[in-house]
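Engineer: Sequence and predicted structure are below.
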Amino acid sequence: MSSISLKNRLIEDVVILENNEASSTGAQSVAPDHSPREAYRVQPAPVRNLGLGTLQELGTLGRIQQFLYHQADLLDGKHWQAYIDLFADDGVYWMPTSPEQTEWLDSPSIFAEDKSIMEVRMRRVTHPNAWSQAPQWGTSHVVSNVTIESETDSELVVRSRFHMLELRRDAQRYFGGGYRHTLLKRGGDFEIKLQRVDLLNAQAIFDYVVQVWI
Amino acid sequence: MQPISRLVDVDRVHRSVYTDPDIFNQELEQIWEKIWVYAGHESQLRSAGDYLTVRIGRQPIIVVRGPDSTIRALYNRCPHRGVQLCGSRAGNTGSSFVCSYHAWSFHLDGRIKGIPLSRGYEGTRLTPENPDCSMRPAARVDRYRGFIFVSLADQGPSLLEFLGDARIAFDDMCDRSPEGEVEAVPVCHRVVQHSNWKFFMENQLDALHPPVTHQSTGVSAARVERRLREAGATPPLYYHYLSAFASSFEKWDSVQTVNLPRGHGILKGYMGLRPDDPDTREYVAAMHRAYGRDTAEKYIGRSIHHVLIYPYLSVQSPLQQVRCLRPLAPNKTLSELYLFRLKGVSPAIARRSLWYYNLVNSPSTMINADDLENWTKGQWGLESKGGDWVSFHRNFGGDTEEGGVLYSNSGTSEVVMRSQFKAWSEYMSV
């Protein structure tokens, strides 16, 4: 064939742009009641009801530890909205590809998500036709080695380490690494301004992918 | 094993081509270890001694830049006792390769440099002049617009002949830079697919699956995109990248595929990468200055969604994404996911491709999570006795042929798979 003909043909433009909730989209247009998986079972969020006295007794380090454990609990319990709510309005969840990486705007990351993108992810995994959610899966996090790196009147920088075991269908995977939280002080509680997650296996071969935050 | 002609019909194939270990081994021998396989980009090898290790079929290969600036490919094997000479995926080896076992050393072109206590070889058959004393070179290395390919066969089509018109993949990528070049971003995500490599290749130009498989992500991104817009914000372009996946069946059906010889193919359709904003206007102006208005408009306006270099490379050239397959077993395929950066564009333009890489091609992908689930289940289905044939009947007989190229009259036509298997049969029947 002549290359000219191919090049001409490549100029005819079809732009994939339209209302993307079109009725003839996806499995629901074929079978509205179909879902490949069980409805999302929302368990009650873990109780974290600390009285003022306890808060004071815990001290800063204790309160930080309780906050980090709570965050891990929310992940393991799939309380996605409550998890997102731990972040400040302009908060960011960031998983770089290497420990040397210093920014996410101009270098690839595994996650670099503001709350709006986190909402897309949450809506995706809770959608009735999220096929990858059909196999049962769950995680178990352990957070430890909590260290306060620095503190100002309004912020704390906290490092910790985590281990996470995931079971999906019959496959078990193991993830580990470090968290570095930049926390905004909110009374006795905190909001996450930035959570950096340095996954030890960030550039290893992934057997399947990671569907939610670690 | 049955003859290939019994396994591939014009409109269907036998399931064993996805599952049979003998067929898989034959594929490695007759396809991967003969054709031109992608090995890396020259921007990854800037200085003498810079190397990459890569798997070509079953063969471990080192690609290295020599002191004369030539890029060569050598088997990663010491000729002495077989130990691999490079143990990392990339690095700089200095002026020589040195074996970690007995310190045999080699020039960067693979020639023997030194053997400790070499008088021990006096009077033996192994002399330094014997080619068996040097690292074995791969048969052929060539480059196209900076992309390095290796072929382990002395004979066969040249790289340009192999790529054919599918070289538009690299032209389209590079032409979108005002400097006409791209450079590799030094990150490579690797994800294992628990499926035969063919699932991925078929999927890449399968325009019917996006609104089904990716509906959850498309719809979710569209909702958040709309909410942001209603709140008066301008949602970044990456919401559209995701929401476009949930476009209607009819929309996807309107996107034509171009099916080239050797199984290569193009899915047309442009993802709206040219919004009217200051960043885009500045980019377009730079392109006009670099190439003149007409040529620049031709480059920017190309309607390409994906280009496939059969049987292992998927190039999303408008967003500079490259996915490369390394088959490991009939039911196991390693995918390597690369991003390239357009030289001479602003950070704002580069970020558009970066976000696509993060959201679609990183290990946290909101798209491939569902593809991988399909392919795993597909592999399991084809390993079963629930049926012997895989159907590619959609729009059979309804395609337009022009000079050996099949143009689909409907985006969702399974001409893509029919064309791939035609090429596959040709490779396998030699």
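Structural biologist: In hand now; what should we look at?

Engineer: how about low-confidence regions in chain B?
Structural biologist: B:1 (pLDDT under 70).

Engineer: for chain A, same thing?
Structural biologist: Ranges of chain A meeting pLDDT under 70: A:1-24, A:40-42.

Engineer: pull the longest helix from it.
Structural biologist: helix A:52-76 (DSSP state H).

Engineer: Pull out the buried positions in that helix.
Structural biologist: Neighbour-count burial for helix A:52-76 flags A:63-75 (criterion: 16 or more other CB atoms under 10 Å in any protein chain shown). All C-beta spots, glycine's among them, are computed from the backbone N, C-alpha and C.

Engineer: Could you do stretch B:278-289 as well?
Structural biologist: B:Asp279, B:Thr280, B:Tyr283, B:Val284, B:Ala286, B:Met287, B:His288.

Engineer: could you pull out the helices for chain A?
Structural biologist: A:3-9, A:26-30, A:52-76, A:80-85, A:115-126.

Engineer: what would the ones you listed look like in JSON lines with distance to A:Trp94?
Structural biologist: Output for the helices of chain A, formatted as JSON lines (distance: least, CB to CB, whole Å):
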{"stretch": "helix A:3-9", "distance to A:Trp94": "42"}
{"stretch": "helix A:26-30", "distance to A:Trp94": "31"}
{"stretch": "helix A:52-76", "distance to A:Trp94": "15"}
{"stretch": "helix A:80-85", "distance to A:Trp94": "15"}
{"stretch": "helix A:115-126", "distance to A:Trp94": "11"}
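
Engineer: what's the domain layout of chain B?
Structural biologist: Domain segmentation of chain B under automatic domain parsing yields B:37-145, B:165-428.

Engineer: now those as TSV including distance to A:Gly59?
Structural biologist: What follows is the domains of chain B, written out as TSV (distance: least, CB to CB, whole Å):
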stretch	distance to A:Gly59
domain B:37-145	46
domain B:165-428	35
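
Engineer: looking at those domains, which is buried most?
Structural biologist: Stretch with highest mean neighbour count among those: domain B:165-428 (a mean of 20; mean count of other CB atoms under 10 Å in any protein chain shown).

Engineer: Can you give me the first-to-last residue distance of it?
Structural biologist: 22 Å (CA to CA, to the nearest Å).

Engineer: roughly how far out does that domain sit from the chain middle?
Structural biologist: Its chain's average C-alpha position is 11 Å from that of domain B:165-428, according to CA atoms, centre = their mean, to the nearest Å.

Engineer: Repeat that for stretch B:122-132.
Structural biologist: 40 Å.

Engineer: Any idea how far apart the tips of it sit?
Structural biologist: 15 Å.

Engineer: For that stretch, which outside residues touch it?
Structural biologist: Stretch B:122-132 is contacted from outside by B:Pro79, B:Ile112, B:Ile115, B:Ser118, B:Tyr121, B:Cys133, using CB atoms under 8 Å, 6 or more residues apart in numbering or on different chains.

Engineer: ok, now stretch A:99-110?
Structural biologist: By CB under 8 Å, 6+ apart, stretch A:99-110 touches A:92, A:94-97, A:112, A:198-199, A:202, A:210, B:185, B:187, B:189, B:339, B:347, B:350-351, B:354, B:357-358, B:362-364.

Engineer: Start and end of that stretch, how far apart?
Structural biologist: With CA to CA, one end of stretch A:99-110 sits 12 Å from the other.

Engineer: tell me which residues of it are tucked away?
Structural biologist: Result for stretch A:99-110 [16+ other CB under 10 Å]: buried residues A:Gln101, A:Trp104, A:Ser107, A:Pro108, A:Ser109, A:Ile110.

Engineer: ok, now how distant is the residue nearest the centre of chain A from A:Lys193?
Structural biologist: In chain A, the C-alpha closest to the average C-alpha coordinate belongs to A:Trp213, at a distance of 2.5 Å (CA atoms, centre = their mean). According to CB to CB, to the nearest Å, A:Trp213 and A:Lys193 sit 16 Å apart.

Engineer: show me the contacts for the closest residue to B:Val98 other than its chain neighbours.
Structural biologist: Leaving aside its sequence neighbours, B:Val98 sits nearest to B:Ser105 (CB to CB, 6 or more residues apart in numbering or on different chains; 4.7 Å). Counting by CB under 8 Å, 6+ apart, B:Ser105 touches B:Ser96, B:Phe97, B:Val98, B:Cys99, B:Ile112, B:Lys113, B:Gly114, B:Ile115.

Engineer: isn't the fourth one right up against B:Val83?
Structural biologist: Yes: taking CB atoms under 8 Å as the contact criterion, B:Cys99 and B:Val83 are neighbours in contact, 5.7 Å apart.

Engineer: Can you give me every residue that contacts the nearest residue to B:Asn76 once chain neighbours are set aside?
Structural biologist: Distances taken as CB to CB, 6+ apart put B:Pro60 closest to B:Asn76, at 4.1 Å, once the chain neighbours are dropped. By CB under 8 Å, 6+ apart, the residues touching B:Pro60 are B:Thr53, B:Val54, B:Tyr75, B:Asn76, B:Arg77, B:Gln84.
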